[in-house]
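In: Dropping the sequence and predicted coords here.
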Amino acid sequence: MYRRLRYSQLSAFYANYATKVEIDANIRDGFESQRYKPRNHPGRTKVKVATIPMAIQKAIKIVLDDNDAKMYLEESEKLANYLNSRHLPPEDGEIDEKTAKIYSSVSQNYYSKLNKELTEEEKYKSDKYIQSKVFNILKKNVYAWGNISYDKPTCLQYLIARAAPEYAVLLRVLDEIKRKLPDYKPRSFFDFGSGVGTGTWAVNTVWTGDIFEYFTVDTSQHMNDLARLLLCHGKDNVEMPYKAYFQRQFLPASSDIKYNVVLSAFSFFELPSMKSRLETIQKLWNKTEDFLIIIEQGTNAGFRVVNEAREFVLSVTDEQNKGYVFAPCPNDQICPRFLEQKTPCNFLMKYETLGYPSKVELFGELFSYVILRKGERPANDPQWPRVVRAPLVRSGHTICRLCTKEGELKEIIFSKSKFDQTTYRCARSSNWGDELPVK
């Protein structure tokens with residue numbers, strides 16, 4: 001038996017004896033009365049596959065057909081690939097440090113090959129040669145960051161490439177609040193980097209009829225025009241269905257007006273530095289009444305941005321503005337996945353493509369996110385561990401990788417012989433991104 005287990009699995013096997021894991025006693029009665037079933041336990045994510053609402057799909061088709069958007073299909077694919085492979089802009093200090101190291105290496109290598117004293121003219125030419133070589137090496141080794149100029153064609157390409165996956169991810173993340181707080185009904189919504197309007201579509205799906213005021217910010221006027229057009233069913237002569245719907249190109253500095261739900265999804269890569277990102281997080285947190293949601297691509301760079309926001313908000317000491325992590329983390333400790341710096345903490349959401357111009361297909365989108373809530377963590381928060389990788393389901397046992405309320409990553413082997421039936425079946429039924437209702 002031991003030879004079949006990997007080292008990490010073997011460690012987890014022994015850990016099972018030291019760590020008692022069982023269904024949360026507060027909900028055990030629910031399982032015994034069959035109000036809950038392991039296959040649909042209260043920690044499971046309800047949204048499995050997302051499809052853009054039919055009314056929005058019709059509006060998208062009208063807009064794309066009106067603009068003969070089939071010509072943008074190839075460019076939209078290139079744009080999607082570029083967005084998914086983006087890195088953060090290099091900081092000034094990073095470039096200076098890298099330049100100094102390269103210069104030292106190149107000059108040392110160059111002068112080590114010379115066996116003579118150089119004249120002043122030769123020194124001048126040598127310095128020019130070394131500087132040129134350093135510059136060429138830097139060009140290959142320093143990421144050439146630039147924010148994207150969203151003109152009308154680029155906005156349409158973005159709509160084709162990103163509307164479906166972004167809406168799916170937003171629906172999945174917002175449903176986290178809906179699942180855990182079914183009676184919560186936000187009245188106002190603020191969307192930073194609103195793009196084609198996927199945030200507005202998602203909040204209206206999750207809280208249909210509850211949102212009264214919408215405030216969206218996007219630096220591209222073309223994006224704002226497109227987002228409004230899609231809400232008006234793709235037609236210029238149709239009245240906006242939401243009375244209190246406001247659009248701006250820049251983030252208002254004032255924090256006098258606060259919003260129940262504040263969102264920034266796939267937007268921070270457009271900011272030129274860490275300083276500007278942190279300043280923006282501060283402004284968004286100041287505008288937050290209940291929840292601040294940050295979502296980025298599920299890459300190392302995207303995860304870094306999300307963790308920046310998480311750490312920044314958790315460092316706030318002002319009693320009026322303190323907050324805690326509502327999801328996905330069951331703790332407010334330093335992220336153990338970030339400390340490892342090997343793989344990002346990310347999750348997978350499945351979605352149906354637009355089907356433009358061909359058939360609808362099923363794809364998956366990797367994303368990283370954090371939901372931060374104003375106030376102190378409630379004393380009755382169960383802080384169930386989060387399943388942070390796809391469970392390995394085997395005959396007679398299931399291996400779950402969990403992030404715990406102690407701020408640790410644990411790998412637990414749930415077997416029929418070592419766990420009660422309810423705990424075992426809940427673990428076996430859980431998916432990547434679910435909470436496991438155990439203590």
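Out: Happy to help now that I have it. All values reported here derive from a predicted model rather than from experimental measurement.

In: Please make it C-alpha for all contacts and neighbour counts, starting now.
Out: Fine.

In: The stretch 1-150 of the chain: helices as residue ranges?
Out: Listed in chain order, the helices of the stretch 1-150 of the chain (DSSP state H, counting those that start in this stretch) span residues 7-18, 25-32, 54-66, 73-84, 92-112, 120-141.

In: which stretch among those helices comes nearest Thr423?
Out: helix 25-32 (9.8 Å; C-alpha to C-alpha).

In: how about that closest one: buried residues?
Out: Neighbour-count burial for helix 25-32, counted by 16 or more other C-alpha atoms under 10 Å, picks out Arg28.

In: tell me the contacts of Phe291?
Out: With contact set as C-alpha atoms under 8 Å, 6 or more residues apart in numbering, Phe291 has these partners: 260-262, 371-374.

In: The helices of the stretch 1-150 of the chain: which one's closest to Asp420?
Out: With C-alpha to C-alpha as the criterion, Asp420 lies closest to helix 25-32 of these, at 11.7 Å.

In: Would you mark the buried spots in the longest helix belonging to the chain?
Out: Ranked by number of residues, the top helix in the chain under DSSP state H is helix 152-180. By neighbour count on 16+ other C-alpha under 10 Å, the buried set for helix 152-180 is 152-179.

In: ok, which stretches of the stretch 301-439 of the chain are strands?
Out: 323-327, 347-352, 362-374, 386-387, 392-394, 397-403, 409-415 (DSSP state E, counting those that start in this stretch).

In: Need the winner for burial among those.
Out: Compared across these, strand 386-387 shows the largest average neighbour count, a mean of 26 (mean count of other C-alpha atoms under 10 Å).

In: show me where the stretch 151-300 of the chain has strands.
Out: Per DSSP E, counting those that start in this stretch, the stretch 151-300 of the chain carries strands over the ranges 188-192, 213-217, 244-248, 259-265, 288-297.

In: can I get these in TSV with distance to Glu411?
Out: Shown next, in TSV, are the strands of the stretch 151-300 of the chain (distance: least, C-alpha to C-alpha, whole Å):
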stretch	distance to Glu411
strand 188-192	37
strand 213-217	41
strand 244-248	46
strand 259-265	30
strand 288-297	25
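
In: about what we covered before: and the longest helix of the chain, what does it pack against?
Out: Secondary-structure packing of helix 152-180 (3 or more C-alpha pairs under 8 Å, 6 or more residues apart in numbering; DSSP states H and E): strand 49-50, helix 73-84, helix 198-206, helix 221-231, strand 347-352, strand 362-374.

In: could you give me the average pLDDT of that helix?
Out: The average pLDDT within helix 152-180 is 97.

In: Off-centre distance for it?
Out: 11 Å (C-alpha atoms, centre = their mean, to the nearest Å).

In: Please apply the same query to stretch 89-105.
Out: 29 Å.

In: Contacts made by that stretch with the rest, please.
Out: With C-alpha under 8 Å, 6+ apart as the test, stretch 89-105 has contacts from 130-131, 134, 137-138, 142-146, 269, 272-274.

In: how does it look with 6 Å?
Out: 134, 145 (C-alpha atoms under 6 Å, 6 or more residues apart in numbering).

In: Any chance of the helices of the stretch 1-150 of the chain in CSV with mean pLDDT and distance to Lys283 as columns?
Out: Rendered in CSV, the data for the helices of the stretch 1-150 of the chain read as follows (pLDDT from 0 to 100; distance: least, C-alpha to C-alpha, whole Å):
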stretch, mean pLDDT, distance to Lys283
helix 7-18, 46, 43
helix 25-32, 93, 38
helix 54-66, 96, 31
helix 73-84, 95, 25
helix 92-112, 80, 24
helix 120-141, 79, 33
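
In: nearest to Asn307, of these?
Out: Nearest to Asn307 among the helices of the stretch 1-150 of the chain is helix 73-84 (18.0 Å), distances taken as C-alpha to C-alpha.

In: list the helices and strands the closest one packs on?
Out: Applying 3 or more C-alpha pairs under 6 Å, 6 or more residues apart in numbering; DSSP states H and E, one finds that helix 73-84 makes contact with helix 152-180.

In: ok and the helix it packs on relative to helix 73-84, angle-wise?
Out: 50 degrees (axes from the mean of the first three to the mean of the last three C-alpha atoms, to 10 degrees).

In: Would you quantify the distance from Phe419 to Thr317?
Out: For Phe419, the distance to Thr317 (C-alpha to C-alpha, to the nearest Å) stands at 42 Å.

In: Neighbour count: these two, which is higher?
Out: The residue with more neighbours, out of Phe419 and Thr317, is Phe419; 18 against 10, by other C-alpha atoms under 10 Å.

In: Just give the nearest non-adjacent residue to the more buried one, would you?
Out: Excluding the flanking residues, the one nearest Phe419 by C-alpha to C-alpha, 6 or more residues apart in numbering is Glu22, at 7.5 Å.

In: Could you pull up the residues touching the one you found?
Out: Taking C-alpha under 6 Å, 6+ apart as the test, what Glu22 contacts is 423, 438-439.

In: Pipe the contacts of Phe291 into TSV and attach distance to Asp29 and pLDDT per row.
Out: Shown next, in TSV, are the contacts of Phe291 (distance: C-alpha to C-alpha, whole Å; pLDDT from 0 to 100):
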residue	distance to Asp29	pLDDT
Asn260	34	98
Val261	34	98
Val262	36	98
Ile371	29	98
Leu372	30	98
Arg373	29	98
Lys374	31	97
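
In: how about the strands of the stretch 301-439 of the chain, which one is nearest Glu121?
Out: Closest to Glu121 of these, according to C-alpha to C-alpha: strand 362-374, at 55.5 Å.

In: Next, the angle from that closest one to helix 152-180.
Out: Between strand 362-374 and helix 152-180, the angle comes out at 60 degrees (the same axes, to 10 degrees).

In: Given strand 362-374, what are its sheet partners and their directions?
Out: strand 288-297 (antiparallel), strand 323-327 (antiparallel), strand 347-352 (antiparallel) (DSSP bridges).

In: got a markdown table for those strands, with distance to Pro336 and mean pLDDT too?
Out: Converted to a markdown table, these look like this (distance: least, C-alpha to C-alpha, whole Å; pLDDT from 0 to 100):
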| stretch | distance to Pro336 | mean pLDDT |
| --- | --- | --- |
| strand 288-297 | 19 | 98 |
| strand 323-327 | 14 | 98 |
| strand 347-352 | 16 | 98 |
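
In: Go through the ones you listed and name the closest to Pro378.
Out: Nearest to Pro378, of the strands paired with strand 362-374 and by C-alpha to C-alpha, is strand 323-327 at 9.7 Å.
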